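In: would you be able to build a 3D model of this:
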Amino acid sequence: MLAIERRNAILSKLYLDGKVIVSELSAEFDVTEETIRRDLEKLDKEGLAQKTYGGAVLVQNFNTDLPHSVRKRANVEAKQKIAEKISQLFKDGDCIMIDASSTALLVLNYIKNLKNITLITNSVEALIELSDKDDWNVFSTGGKLKRGSLSLVGPSAEKTIRAFHVDYAICSSKGIDISRGITDSNEKDSEMKQAIFDSAETKILVVDSSKFDKISLIKVSDVTDVDIIATDAEPSANWQEYLKSKNVDLIY
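Out: Here you go, the predicted model:
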């Protein structure tokens, strides 16, 4: 196993359990405890973990890009709940655009029974997932592969997106705040989400409840620019009142 693969596996464990123990990781990955300490030190320097005596604990950093393998395993139950809820919005023949987020990808599991769907995405994993759907029209945005994310980004991908007009767009974000809006941790991803939302009649933001009142690095849009916000738990009364006053539908 490469060092980066081991660190990603450690990070996945941190997101699942909240902490890791050096001796346990050493035995699991069959490396010395000193090697594990170096891994944890690197994760600490990247702001993803905090070293403790004998191990490390998770640090939630909303300005950091996580590897796809880690994002896919984080908050799975909440993401599945969101995906199941919004899947009820779609019907045969719809045109849908999704970003490369793990939540948007989960939606596909709930709508595979629909027929004649047109789907446009910059998610490499979604393209693989739908490779056997003969009755769907699946379009890739093309573009540059973003390392570690299984997403396609850049000017050519954005140009492809803006050539379409779809019924629904589904995107996630790292944070959502009433004053600062919808934010993400990476400029290229933010540009893709902006283009995806701009191409849709109905814009759906999918965010688990931990993302409310959080602010990440780059603004995607104002909260009021989306039509629907789907989450896994009931937001605060303040959020519910705000979204209702701005005619943004809330699904939870």
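
In: my guess is Phe29 contacts Ala9. True?
Out: Yes - with contact defined as C-beta atoms under 8 Å, Phe29 reaches Ala9; the gap is 7.5 Å. For every residue, glycine as well, the C-beta is placed using N, CA and C.

In: mutual contacts of these two, please.
Out: Met1 (C-beta atoms under 8 Å, 6 or more residues apart in numbering).

In: next, count neighbours for the closest residue to Glu33 other than its chain neighbours.
Out: Spatial nearest neighbour of Glu33, excluding adjacent residues (C-beta to C-beta, 6 or more residues apart in numbering): Ser26 at 4.5 Å. When neighbours are counted by other C-beta atoms under 10 Å, Ser26 registers 16.

In: show me the contacts for Ser26.
Out: So Ser26 contacts Thr32, Glu33, Thr35, Ile36 (C-beta under 8 Å, 6+ apart).

In: you'd agree the last one is up against Glu28?
Out: No - the criterion here is C-beta under 8 Å, and Ile36 misses it with Glu28 at 9.4 Å.

In: compare these two (neighbour count), which wins?
Out: A count of neighbours by other C-beta under 10 Å puts Ile36 above the other of Ile36 and Glu28, at 25 against 15.

In: list phi and psi for that one.
Out: Taking degrees, to the nearest 10, you get phi -60, psi -40 for the backbone angles of Ile36.

In: now do the same contact list for the spatially most central residue of the chain.
Out: Note on the chain: the residue nearest the mean C-alpha position is Ser101, at 3.1 Å, using C-alpha atoms, centre = their mean. Going by C-beta under 8 Å, 6+ apart, Ser101 touches Arg71, Ser123, Cys171, Ser172, Val206.
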